[in-house]
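[1] The sequence and its predicted three-dimensional model are supplied below.
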Number of protein chains: 2
Amino acid sequence: MKDVAHKLTEFVQTHLPTARALEIEVADYDSQSLTLRAPLGPSINDKHTAFGGSLYVVAVMAGWGMVYLRCREAGIDPNIVVARGEIDYLAPVPGDIVASSLPVTEGDWEIFLQQFEERGKAKIELQTRILQGGEPAVKFTGLYAIIGHAPNIQV
Amino acid sequence: MKDVAHKLTEFVQTHLPTARALEIEVADYDSQSLTLRAPLGPSINDKHTAFGGSLYVVAVMAGWGMVYLRCREAGIDPNIVVARGEIDYLAPVPGDIVASSLPVTEGDWEIFLQQFEERGKAKIELQTRILQGGEPAVKFTGLYAIIGHAPNIQV
């Protein structure tokens, strides 16, 4: 796992109580894909599987974190928002929630970061998957936008 | 607010730690629409507005709860899952998250409940909105399915 991943952990700990409540942790990051993991306990539902809302949170964070870490690697401390999310629930998740972003090409990242440099904003669509027994249990597509540099807010 | 609404509060308290962490409460219910409210604190993000993942959770729960309460009113203790969710984030939410399901016709509910009676399962699509200053800040569409009666799980 790349060292830069700890910056996402710091961000979550500092800024996102929802992600802390769900005990979301970085499981792997290699500049192509980010994998997050969350235990079932804080996300359990009445069927003793993961609650659909919690699955969304881990899935949207895997894409969000991917954008965040690619920006940090490029020397940018970005202000990222999610503009749109689509999620399909294909199978129940009866254990740890493990969400991985799917790789896009290096060319896509270059265009995204170049757009941000030129216009001060940029958008990218990323997909994430939550697997269960090797098969996709959740398919998620998110549209993420950097809308400037991180706000200088004292927390 | 109809008395039956307390059944949703009980369900959340018993079964959904994520919804408890977000302090989601029933604000109103009248058999046509369910309104949920959650304070900003547990859902805040780095921009001091509501985190997109938390907005999804409150939005998906407003539709889920609507299906749950209509079923309880019809004498059914249902096993409901969300099969699909689509969310558009149109504006930031800098305060309480207030999500309301949009009404569907009584005919739609009748078809839904009759399908469940005949086939043991049924689907319905519901929309929810989170308003900010009278304008939609979040538009959500969820596909909900009842897949049987509530599992007899001891928690």
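    Now that the structure is in, tell me what you want to look at. Numbering: from 1, shown residues only, chains lettered A, B, ... in the order given.

[2] So for stretch A:100-109, first residue to last residue, what's the gap.
    17 Å (C-alpha to C-alpha, to the nearest Å).

[3] Check what contacts it and list those residues.
    With C-beta atoms under 8 Å, 6 or more residues apart in numbering or on different chains as the test, stretch A:100-109 has contacts from A:28, A:32-36, A:62-63, A:65-66, A:70, A:124, A:126-129, A:131. The C-beta positions use only the backbone N, C-alpha and C, and glycine is treated the same way.

[4] So which of the residues you listed belong to strands?
    Counted as lying in strands by DSSP state E, out of the contacts of stretch A:100-109, are A:28, A:34-36, A:124, A:126-129, A:131.

[5] Just flag the most distant two among the residues you listed.
    Spatially, the most separated pair among the ones in strands among the contacts of stretch A:100-109 is A:124 and A:131, at 22.6 Å (C-beta to C-beta).

[6] Looking at those two now, which is surrounded by more residues?
    residue A:124 (22 against 14; other C-beta atoms under 10 Å in any protein chain shown).

[7] one step back: and of the ones in strands among the contacts of stretch A:100-109, the nearest to residue B:56?
    Nearest to residue B:56, judged by C-beta to C-beta, of those is residue A:128 at 13.7 Å.

[8] Give me the mean pLDDT for the longest helix along chain A.
    Identified as the longest helix of chain A according to DSSP state H is helix A:52-73. For helix A:52-73, mean pLDDT rounds to 97.

[9] Write a ChimeraX command that selects only the buried members of the ones in strands among the contacts of stretch A:100-109.
    Here is the ChimeraX command that picks out the buried ones among the ones in strands among the contacts of stretch A:100-109, judged by 16 or more other C-beta atoms under 10 Å in any protein chain shown:
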select /A:34,35,36,124,126,127,128,129
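
[10] any idea where the strands of chain A begin and end?
    Using DSSP E, the strands of chain A run over A:25-29, A:34-38, A:78-89, A:97-101, A:122-132, A:135-149.

[11] Rebuild those as TSV, extending it with mean pLDDT.
    Converted to TSV, the strands of chain A look like this (pLDDT from 0 to 100):
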stretch	mean pLDDT
strand A:25-29	97
strand A:34-38	98
strand A:78-89	96
strand A:97-101	98
strand A:122-132	97
strand A:135-149	95
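
[12] In JSON lines: these, plus distance to residue B:118.
    As requested, the strands of chain A are arranged in JSON lines below (distance: least, C-beta to C-beta, whole Å):
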{"stretch": "strand A:25-29", "distance to residue B:118": "45"}
{"stretch": "strand A:34-38", "distance to residue B:118": "38"}
{"stretch": "strand A:78-89", "distance to residue B:118": "24"}
{"stretch": "strand A:97-101", "distance to residue B:118": "35"}
{"stretch": "strand A:122-132", "distance to residue B:118": "31"}
{"stretch": "strand A:135-149", "distance to residue B:118": "29"}
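
[13] Let me know how buried the closest residue in space to residue A:7 that isn't next to it in sequence is, in neighbour terms.
    Setting aside the residues directly before and after it, residue A:7 is nearest to residue A:72 in space (C-beta to C-beta, 6 or more residues apart in numbering or on different chains), at 5.2 Å. Neighbour count of residue A:72, defined by other C-beta under 10 Å: 16.

[14] could you check whether stretch A:141-148 is close to chain B?
    No - taking C-beta under 8 Å from any C-beta of the partner chain as the criterion, stretch A:141-148 and chain B are apart, separated by no less than 8.8 Å.

[15] Output that stretch as CSV - backbone C-alpha positions only.
    Output in CSV follows, covering the C-alpha atoms of stretch A:141-148 (Å, rounded to 0.1, in the frame of the first residue of the first chain):
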residue,chain,number,x,y,z
THR,A,141,-21.1,4.5,-10.3
GLY,A,142,-20.2,8.0,-9.0
LEU,A,143,-19.7,11.3,-10.7
TYR,A,144,-17.1,13.3,-8.7
ALA,A,145,-16.1,16.9,-9.2
ILE,A,146,-13.2,18.9,-7.8
ILE,A,147,-14.5,22.4,-7.4
GLY,A,148,-11.4,24.1,-6.1
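
[16] Go ahead and measure how far it is from the middle of the chain.
    11 Å (C-alpha atoms, centre = their mean, to the nearest Å).

[17] buried set for it?
    Using 16+ other C-beta under 10 Å as the test for burial, stretch A:141-148 gives A:141-146.

[18] same deal with stretch A:30-44?
    By neighbour count on 16+ other C-beta under 10 Å, the buried set for stretch A:30-44 is A:33-38, A:40, A:42-44.

[19] is it true that residue A:135 touches residue A:92?
    No - at 11.8 Å, residue A:135 does not count as touching residue A:92 under the criterion of C-beta atoms under 8 Å.

[20] So for those two, which sits in the more crowded spot?
    Legend: neighbour count by other C-beta under 10 Å for residue A:135 and residue A:92, higher for residue A:92 (16 against 9).
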